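A.B. asks: attaching a predicted model along with its sequence, questions to come.
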Amino acid sequence: MHYRYIDISIELARRLLLLNNGDRIDSVKKLSEEFNVGRGTIQTALNRLIEDGALEIESFAQRGSYLKNINRTLLLKHAELEEIVGMLPITYSLLHQGLATGLYEAFENTDISILLAQLRGAKRRLKFLKSSKCDFIIISKMTWNNIKKDDSLTLLMDFGKQSNVSNHVLLVRSQFINGFVKGMRVGIDSTSVDHAQLTYKKFANQSVEFIETSYGNTIDKLVTGEIDATIWDASISYLPKSVSMLPLKQDEESPSSNTISCLIGKKSNQALNQLLIEYINPYAVKNIQNLVLTKKKTPLF
């Protein structure tokens with residue numbers, strides 16, 4: 001049998017994690033109105049936390065109730081936040097490895113462990129977030145701009161320019177370095193909002209054949225001759241001899257929003273989102289990313 005007070009105690013534990021000893025807490029009356037339950041249910045939820053030693057409350061008749069002591073380890077257990085799961089792009093580049101390292105270190109000295117998984121394609125990561133299979137995802141600002149009308153999602157923070165990619169270039173098989181020919185086979189990853197959008201823009205009105213390709217396998221397919229060209233991150237660390245890199249023309253370059261990594265959560269997870277904002281400093285993450293990028297720090301991911 002499932003009891004409502006258990007759900008409420010989880011939500012209360014998540015909120016209380018954001019407070020400190022001496023902070024005032026909402027009254028039972030106010031909480032009962034917010035959760036639309038009786039005062040007895042709220043009191044039972046609070047007692048569940050108190051009896052387990054997760055917190056002590058001191059009450060004053062006129063001034064209300066205050067937190068006397070918080071045991072964050074026990075409170076995290078009740079909040080079911082002992083582990084936070086994030087979903088990142090596949091870490092092909094030092095940029096993404098640096099971002100992952102920064103996120104890991106944000107929780108290094110806390111009682112919360114963070115699990116970062118990799119999944120190709122922003123569309124897939126969005127699906128995982130919406131189905132509550134992870135707590136947050138990383139996507140580009142360009143992707144966010146395309147989906148921000150979705151009321152179920154919220155932008156929690158971004159990590160600044162060139163935190164997602166440095167810039168984009170065109171990779172071609174070396175025999176095509178002097179120009180395009182009719183019927184060229186172009187690799188495109190439709191699961192990536194950015195890659196698809198940039199590819200269609202680059203090859204608009206050109207007679208090419210689009211070949212559905214996993215972003216991570218495009219270079220291999222260039223080498224084996226399965227495709228002739230693709231859009232790629234300019235920060236690529238290794239380029240095979242049979243592949244050449246060409247700059248995109250000024251009007252074909254990706255907008256700056258594509259270079260920005262964003263952290264997205266579900267709007268309904270208010271307490272969890274506040275916790276992420278509390279613990280993750282985007283400037284500190286960006287600094288660690290830069291250290292990894294310049295090889296002054298070993299990536300943890």
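C.D. replies: On my side now, so go ahead.
A.B. asks: got the residue ranges for the strands in this protein?
C.D. replies: 24-25, 55-60, 64-70, 83-88, 113-118, 136-140, 153-158, 168-173, 184-188, 208-212, 229-233, 243-247, 261-266 (DSSP state E).
A.B. asks: okay if I get those strands as a markdown table plus mean pLDDT?
C.D. replies: Rendered in a markdown table, the data for these read as follows (pLDDT from 0 to 100):
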| stretch | mean pLDDT |
| --- | --- |
| strand 24-25 | 92 |
| strand 55-60 | 90 |
| strand 64-70 | 90 |
| strand 83-88 | 94 |
| strand 113-118 | 94 |
| strand 136-140 | 96 |
| strand 153-158 | 98 |
| strand 168-173 | 89 |
| strand 184-188 | 94 |
| strand 208-212 | 93 |
| strand 229-233 | 89 |
| strand 243-247 | 89 |
| strand 261-266 | 97 |
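A.B. asks: and among these, the most buried is which?
C.D. replies: strand 136-140 (a mean of 26; mean count of other C-beta atoms under 10 Å). Using the backbone N, CA and C atoms, a C-beta is placed for each residue, glycine as well.
A.B. asks: by contact count, what packs against it?
C.D. replies: Under the contact criterion of 3 or more C-beta pairs under 8 Å, 6 or more residues apart in numbering; DSSP states H and E, strand 136-140 touches strand 83-88, helix 122-130, helix 193-202, strand 261-266.
A.B. asks: hmm, back to that, output the strands of the chain as TSV; include the columns distance to L99.
C.D. replies: As requested, those are exported to TSV (distance: least, C-beta to C-beta, whole Å):
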stretch	distance to L99
strand 24-25	36
strand 55-60	34
strand 64-70	31
strand 83-88	7
strand 113-118	9
strand 136-140	7
strand 153-158	11
strand 168-173	18
strand 184-188	24
strand 208-212	27
strand 229-233	13
strand 243-247	23
strand 261-266	6
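A.B. asks: re earlier: which one, of the helices and strands packed on strand 136-140, ends up nearest to S166?
C.D. replies: strand 261-266 (12.0 Å; C-beta to C-beta).
A.B. asks: so what strands line up beside that closest one?
C.D. replies: Next to strand 261-266 in the sheet, as set by DSSP bridges, lie strand 136-140 (antiparallel), strand 153-158 (antiparallel).
A.B. asks: out of those strands, which is closest to F210?
C.D. replies: The nearest among the strands paired with strand 261-266, by C-beta to C-beta, is strand 136-140 at 20.9 Å.
A.B. asks: hmm, Y92 and S235 touching each other?
C.D. replies: No - counting by C-beta atoms under 8 Å, S235 stays clear of Y92, with 9.2 Å between them.
A.B. asks: before we move on, back to that, so which of the strands paired with strand 261-266 gets nearest G216?
C.D. replies: Of all these, it is strand 136-140 that lies closest to G216, at 16.0 Å by C-beta to C-beta.
A.B. asks: then the closest one to PDB, C-alphas only?
C.D. replies: C-alpha atoms of strand 136-140 as PDB (Å, rounded to 0.1, in the frame of the first residue of the first chain):
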ATOM      1  CA  PHE A 136      19.100  16.500 -15.800                       C
ATOM      2  CA  ILE A 137      20.500  16.500 -19.300                       C
ATOM      3  CA  ILE A 138      23.100  18.600 -21.200                       C
ATOM      4  CA  ILE A 139      22.100  20.000 -24.600                       C
ATOM      5  CA  SER A 140      23.200  22.900 -26.700                       C
END
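A.B. asks: can I get the helices and strands packed on strand 136-140 in CSV including distance to S65?
C.D. replies: Formatted as CSV, these follow (distance: least, C-beta to C-beta, whole Å):
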stretch, distance to S65
strand 83-88, 29
helix 122-130, 35
helix 193-202, 47
strand 261-266, 29
